[in-house]
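Asks: Okay, here's the prediction I keep looking at, along with the sequence it came from:
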Amino acid sequence: MNFEFSDDQKLLREQASRYLADNCPPAAVRTILEGDAAYDAKLWTGVGEMGWTAACIPEEFGGLGLSYVELCVIAEELGRVAAPIPFSSSVYLATEALLMAGSKDQKESWLPKLASGEAIGAFALAETAGRPSVDYLKTCASDNSAETALTGSKIAVADGDVADFAVVVAASDASAPGDGANWYLVELDQPGVARKPIETFDPTRSHAQIEFKGAAAQRLGNAGEGWRLTERLLDRAAVLFAWEQVGGADAALEMAKEYALGRYAFGRAIASYQAIKHKLANAYIKNTLARSNCYYGAWALNADSEELPLAAATARVAAIQACNFAAKENIQTHGGMGFTWEFDCQFYYRRAKLLSVNIGSEAFWQDRLMHAVERRDAA
Amino acid sequence: MDFNDTAAEATFREEARAWLSDNVPSEQELAGMDYVTSAKFWQKRKFDGGWACIRWPKEYGGRGASAIEQVILHQEEARFDTPMNIFTIGQGMAAPTLMTYASDEAKARLLPPMASGEQIWCQLFSEPSSGSDLASLRTRSERGGDDWVINGQKIWTSGAHYSDYGILVTRSDPTVAKHKGLTYFFLDMKSPGVEVRPIKQISGDSNFNEVYFSDVRIPGAQRLGEVGQGWQVALTTLMNERATIGAGYANVNFDVACKLARRIRIDGKPAIEDPAVRAKLANWYVQESGLKFTGYRTLTALSRGEIPGPEHSIGKAVGAAKTQDMASFCVDLLEMAGAISDPELAEMDGLIQMTYMSAPGHRIAGGTDEIMMNILAERVLGLPQEPRMDKGIPFNEVPTGT
Ligand SMILES: Cc1cc2nc3c(=O)[nH]c(=O)nc-3n(C[C@H](O)[C@H](O)[C@H](O)COP(=O)(O)OP(=O)(O)OC[C@H]3O[C@@H](n4cnc5c(N)ncnc54)[C@H](O)[C@@H]3O)c2cc1C
């Protein structure tokens, strides 16, 4: 057993951390928060040049063919700086969806551009408030063929306003066999698609509402497998989201610690008060347990293990809890300063909650975790 | 990152499993034995088979195994129903202290019978007026020729009533600051002047004791570390204590709670289908899994020759409260019947109620939850200590409570 990053992976982490310190300082995040740009285009180009968007794409499609553990390392560092780029949508979701279900043609037309960062992909699932399920899908295709027209609407699509294409989960024809859903690959720059950016509580990551009115769509993967694919994709993405969250959780704890050491009240550093010490110790415990679960998730993702659904849900639940706790207690530790627009505590408070709902909430993943346990115990 | 056994580890696991399945004592073999006798019986068999204290050097009864092999053996042994382990204070805490500080002669004499379970050790640290603040202890040690003479009282000493030896921290000099005047010994529990009186716990059991010392003589050769260095020696013991205890004390665990939640019904459906129940169970799974994999990370560090730090304390800080919460939750699941503790009548032979009643002790023993949080905050995160009223003051001038 070896439960650590390799030396190469540690080196990658150092490189990533150095690169982001230079190219994604808090001021860069703030520019996106306060400005009109949907994302930091310069950073996105840079990240593409660093090869991060290409990490897990096979070399034949212009990628680097690295392992998923490397992608986890990158995810953690991006989470640490709350990077304002469409990385999770394009890399953890759209790229993965193509790798999982794309035909040779589909892969050839999109993967090289995704690898270089020239193209951005999104994943469109949500149609209404409430827990995602195959039953709530109303978006559907006009017929069951591979090239068809899509009608319906999707809400809160992360990076839907800037993406070149979306992987859309749609209801399959009621009479068709299968799990009730199909995946479609839809180019977003076409007359059949209307999209508009929407306001969210984390403007450092843009979101859109997308309307499909007979949009030209290509089926991605087999007919009637869309929900199974969705679940598998979410499991894979959950590990990567969890690593981003662990990075953010550590950064928020670090920030709280630094502030508590320097801030004095009643003649002593607030860091010497137990209410603060134990709060931060608690954050440390949550972060450590989440990180340990993430290692397991990284292993299961990389090994494409049967244990992935359980490992992913475990990592995801732990990371959601750790990241939200660290983010909110970071503000609390800062007192009034933490609540000001001027301070950066808000970055993590916004991002932590956004990442918690982007691919299903804590409750959704707790339930998936229990289903995975039940399947394991039944076997 | 590789989560599977290496070939060598897999071979070792096979070997351990095969030996255990041939040798774990059956119910008939243990019939009529009390828990001390059955614990000794099993330990001796492990020792004779070469499966006791496997990380220790061969000369002391071990086989120089790696930390990973030790964990594999634990994992495999946990699959069987074996007698309770009453040797952890000796093997897990006294032994590392002896290995660091005792003479070769003492190690050769004391360690093998500790490994075989023939001699049991206890820890004489806590006193009525010093638990968390251990360094404020008062039991006196004074020179008497080549011996030391001990007077005072210890309390909460687990297993003192069946122990052969004890590790003991004393105050040899009350005129210096509290951490500087301590001296550490080991002693024969049958020494004249040692009196052990059991204390009844809320669980009804009497596993811990008061131990009184009246002019007890300890040979000078049984001192561990220098005179006045007792605190440093005690820290060796305590670091190992947290690792040992943190290594997972579990009665009611996730699997037990799940099993119960499948059987108990809420509104005609298994409780496990209730969303509130699922959410709680999932959180406990996440904690258990996080602790397990944190342990694996520690092991990876060990196997690379790195020394794991005080982050050990996480296991102790989280584990006991989790067990208490789970036991409490399981009692609730049983509703009215949850009150029944009679093993003949209660669900799961009363395991849930027993855990509920013993859990408070685990949050206190071996450093309270609050002290663990202080350790994490100060030694891992580097936050300042609380202001100390006793800092730099000679021990005999420090203010005390009643
Ligand atoms: C089942 C059991 C077995 C035991 N076995 C042994 C044994 O074999 N050998 C042995 O030597 N001892 C043993 N102990 C003793 C144990 O180590 C002490 O009980 C423990 O360290 C706490 O000390 P105390 O009981 O004096 O409580 P106190 O130290 O008086 O603590 C009382 C409360 O105050 C809190 N507190 C104290 N200081 C601080 C602080 N600085 N910051 C925040 N909160 C604080 C504590 O967390 C606790 O909640 C055992 C105890 C139990 C319950």
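Replies: Cool, the structure landed.
Asks: Okay, now stretch B:334-350: how far is its last residue from its first?
Replies: In terms of CA to CA, to the nearest Å, the two terminal residues of stretch B:334-350 are separated by 12 Å.
Asks: Same check on stretch A:38-57?
Replies: Terminal residues of stretch A:38-57 lie 25 Å apart, using CA to CA.
Asks: who does the longest strand along chain B pair up with?
Replies: Secondary structure of chain B read by DSSP state E shows that its longest strand is strand B:208-219. The partner list of strand B:208-219 in its sheet, established with DSSP bridges, is strand B:147-154 (antiparallel), strand B:194-199 (antiparallel).
Asks: can you pull out the strands in the stretch 151-300 of chain A?
Replies: Counting by DSSP state E, counting those that start in this stretch, the stretch 151-300 of chain A has these strands, from start to end: A:165-171, A:181-187, A:193-198, A:207-220, A:264-265, A:268-269.
Asks: Where does A:Glu77 fall, secondary structure wise?
Replies: Element membership for A:Glu77, per DSSP states H and E: helix A:68-80.
Asks: now for that helix, which elements pack on it?
Replies: Using 3 or more CB pairs under 8 Å, 6 or more residues apart in numbering or on different chains; DSSP states H and E, the elements in contact with helix A:68-80 are helix A:7-23, helix A:226-262, helix A:274-303. Where C-beta positions appear, they are placed from N, C-alpha and C, glycine not excepted.
Asks: about what we covered before: could you check the longest strand of chain B and say which residues are buried?
Replies: For strand B:208-219, the buried set under the neighbour-count rule, 16 or more other CB atoms under 10 Å in any protein chain shown, comprises B:208-213, B:216, B:218.
Asks: for stretch A:364-379, same thing?
Replies: Neighbour-count burial for stretch A:364-379, with 16+ other CB under 10 Å as criterion, is recorded at A:364-373.
Asks: related to what we said a few turns ago, would you mind listing the buried residues in the helix holding A:Glu77?
Replies: A:68-80.
Asks: quick one: it to helix A:7-23, angle?
Replies: Inter-element angle recorded for helix A:68-80 and helix A:7-23: 30 degrees (by axes from the mean of the first three to the mean of the last three CA atoms, to 10 degrees).
Asks: which helices and strands does the following helix or strand past helix A:68-80 pack with?
Replies: Past helix A:68-80, heading to the C-terminal end, the next element that is a helix or strand (DSSP H and E) is helix A:87. Taking 3+ CB pairs under 8 Å, 6+ apart as the contact definition, helix A:87 has no neighbouring helices or strands.
Asks: which residues are in contact with helix A:87?
Replies: Residues outside helix A:87 that contact it (CB atoms under 8 Å, 6 or more residues apart in numbering or on different chains): A:47, A:52-53, A:75, A:78.
Asks: What residue in chain A is the furthest from its centre?
Replies: Outermost residue of chain A with respect to the C-alpha centroid, by CA atoms, centre = their mean, is A:Gly267; its distance is 43.3 Å.
Asks: Skipping adjacent residues, who's closest to residue 294 in space?
Replies: All of this refers to chain A. Here the nearest residue to A:Cys294 in space, its sequence neighbours aside, is A:Ala315; by CB to CB, 6 or more residues apart in numbering or on different chains that works out to 4.7 Å.
Asks: should've been chain B
Replies: Closest residue to B:Thr294 in three dimensions, ignoring its sequence neighbours and counting by CB to CB, 6+ apart: A:Ser292, at 4.3 Å.
Asks: mind listing what that neighbour touches?
Replies: Residues near A:Ser292 by CB under 8 Å, 6+ apart: B:289-294, B:296-297.
Asks: Show me how to select, in PyMOL, the buried members of those.
Replies: Selecting in PyMOL just the buried members of those, where the criterion is 16+ other CB under 10 Å, is done with this command:
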select buried, chain B and resi 289+290+291+293+294+296+297
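Asks: and of the contacts of A:Ser292, the nearest to B:Ala346?
Replies: Minimum separation from B:Ala346 among the contacts of A:Ser292 (CB to CB) is found for B:Leu291, which lies at 27.6 Å.
Asks: The closest one contacts B:Lys316, correct?
Replies: No - applying CB atoms under 8 Å, one finds B:Leu291 not in contact with B:Lys316, separated by 10.3 Å.
Asks: can you list residues touching both of the two?
Replies: Residues touching both B:Leu291 and B:Lys316 (CB under 8 Å, 6+ apart): none.
Asks: For residue 355, identify the helix or strand it belongs to.
Replies: All of this refers to chain A. Using DSSP H and E, A:Leu355 sits in helix A:345-358.
Asks: actually chain B
Replies: Following DSSP H and E, one finds B:Thr355 within helix B:351-362.
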